[in-house]
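# coordinates only, sequence not included:
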């Protein structure tokens, strides 16, 4: 069965600094990969997704992620963090080559200091 | 366009009772999925419906059930509530198979006392 690991439970960065959130997945073939963000008390918002093609994908709010098959990783990056980016970030993988029945990582909580 | 609407937003139930949660997907979306989010277990997939048929199911006991209506609206039901069912229940919709990514609602916060 597929799985997702987000090794960082909590990350603190200064506003204006760069950000990288790590995500490793376990799946034999090319997976459907997603990054979602959740603000307190809210649902999940899709930041970006990867199915195939260019391994560097651009998302909303200035986020990007790079798929690296050799490392089974799909890390999320942002060159300059804003205070409003403080939230919890979830990496997810679709079930057996589909985009549905998502398996989520445990999430990384991002704190932004001013 | 309107997003995914979940009702109610908050619910308090007593152990042993049953509860029904409702989800209205984005207009035109035919796939509806349900997830449970708890501090201990994180986000876990419950089930997915497409065209009134359950297409996928997670590893939850039979007390958790759902259905989808012809207008794509969905309900999930939890019978014989346990304290451990306290969670945020999230509904998500997509056009077909989620290739474009799922759009999530704000959730229903269920507290079992």
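All right, it came through fine. For clarity, every value in this text was computed on a predicted model and none was experimentally measured. Numbering: from 1, shown residues only, chains lettered A, B, ... in the order given.
# What residues does the most centrally placed residue in chain A make contact with?
Nearest to the geometric centre of chain A sits residue A:35, at 3.6 Å (C-alpha atoms, centre = their mean). Shown in contact with residue A:35 (C-beta atoms under 8 Å, 6 or more residues apart in numbering or on different chains): A:21, A:23, A:46-49, A:59, A:63, A:65, A:74, A:76, A:89-92. To be clear about C-beta, it is placed using only N, CA and C from the backbone, and glycine gets the same treatment.
# How about residue B:98?
A:32, A:94, A:98, A:99, A:100, A:102, B:31, B:33.
# The second one and residue B:86: what is the separation?
Computed with C-beta to C-beta, to the nearest Å, the distance linking residue A:94 and residue B:86 is 28 Å.
# okay, the two: which has more neighbours?
Per other C-beta atoms under 10 Å in any protein chain shown, whichever of residue A:94 and residue B:86 has more neighbours is residue A:94, with 23 against 17.
# How about that one: what's its closest non-neighbour residue?
Of all residues not flanking residue A:94 in the chain, residue A:32 sits nearest, at 3.4 Å (C-beta to C-beta, 6 or more residues apart in numbering or on different chains).
# same question, residue B:70
Counting by C-beta to C-beta, 6+ apart, residue B:52 is the residue found nearest to residue B:70 once chain neighbours are left out, at 6.3 Å.
# need the residues of chain B near chain A, please.
Proximity of chain B to chain A (C-beta under 8 Å from any C-beta of the partner chain) is limited to residues B:4, B:31, B:33, B:35, B:42-45, B:48, B:55-56, B:58, B:90, B:92, B:94, B:97-107.
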